[in-house]
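Have a look; sequence and predicted model below, questions after that.
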Amino acid sequence: MQIAAIIPTRGDVDLGPIVNRLRQYPEVREIIIEIGDTVFNRYAAAAKASFQIIYTQDDDCLTDLRPLIEAYHRGMIVNAMTPEHQRNYANAGRLDTLIGFGAIFDRYLVAVLDGWERDELFLRECDRIFTSLIPHHTVYPEIEILNCACNGNRLYRQPEHLQYGDEIRRRIEAFLRNHDA
């Protein structure tokens, strides 16, 4: 297995610990640091990857990749989560899942985002679209949440975060209704 690891970042945190962690896994053959201010950067970077299997995580945690690698299954997202965060997803009846703690998937799955309007909401919330439209399996590896996860510029800390989440879920539901008909 050959993996391209993608770390989207604003460029305002030390990525050394994450890069050092990724280098511990012989399957990770490429590390792409994608600097920008939108979530979509993780998917844009996938097009640059040299390998077909993508691993991605946010810049604010250290994740043990081994459980994700072992659970990898073609055509599916395998994502890392803490049990505490899981309660906000499956237990709440949501289709989407969190991939910021780490996720491994096939690069071709990113095509599910083709055709969506690239407006501000999409660029910010495309993780929700991606994980709502692709089957996913959650694993619970060791995850260390770094101090920068509490910085004020994190998406979940912004006052409109819940509002944006609700709006993108309405778009996803409309998309699913239109494509089931």
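Now that the structure is in, tell me what you want to look at.

Please make it C-alpha for all contacts and neighbour counts, starting now.
Fine.

longest helix in the protein, by residue count?
For the chain, the longest helix by residue count, based on DSSP state H, is helix 161-180.

which helices and strands does it pack with?
On a contact count with 3 or more CA pairs under 8 Å, 6 or more residues apart in numbering; DSSP states H and E, helix 161-180 meets helix 120-133.

contacts for the helix it packs on?
Contacts to helix 120-133, defined as CA atoms under 8 Å, 6 or more residues apart in numbering, come from residues 38-40, 77, 95-99, 110, 112-113, 116, 164-165, 168-169, 172.

now these: which count as buried?
Neighbour-count burial (16 or more other CA atoms under 10 Å) applied to the contacts of helix 120-133 gives 38-40, 77, 95-99, 110, 113, 168-169, 172.

In CSV, list those along with pLDDT and distance to Leu121.
What follows is the buried ones among the contacts of helix 120-133, written out as CSV (pLDDT from 0 to 100; distance: CA to CA, whole Å):
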residue, pLDDT, distance to Leu121
Thr38, 85, 10
Val39, 85, 10
Phe40, 91, 10
Ile77, 95, 22
Leu95, 77, 18
Asp96, 78, 16
Thr97, 83, 17
Leu98, 82, 17
Ile99, 89, 18
Val110, 96, 17
Leu113, 95, 13
Ile168, 79, 7
Arg169, 84, 11
Ile172, 83, 12
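
And those residues, which two are furthest apart?
Farthest-apart pair in the buried ones among the contacts of helix 120-133 is Thr38 and Leu95; separation 21.5 Å (CA to CA).
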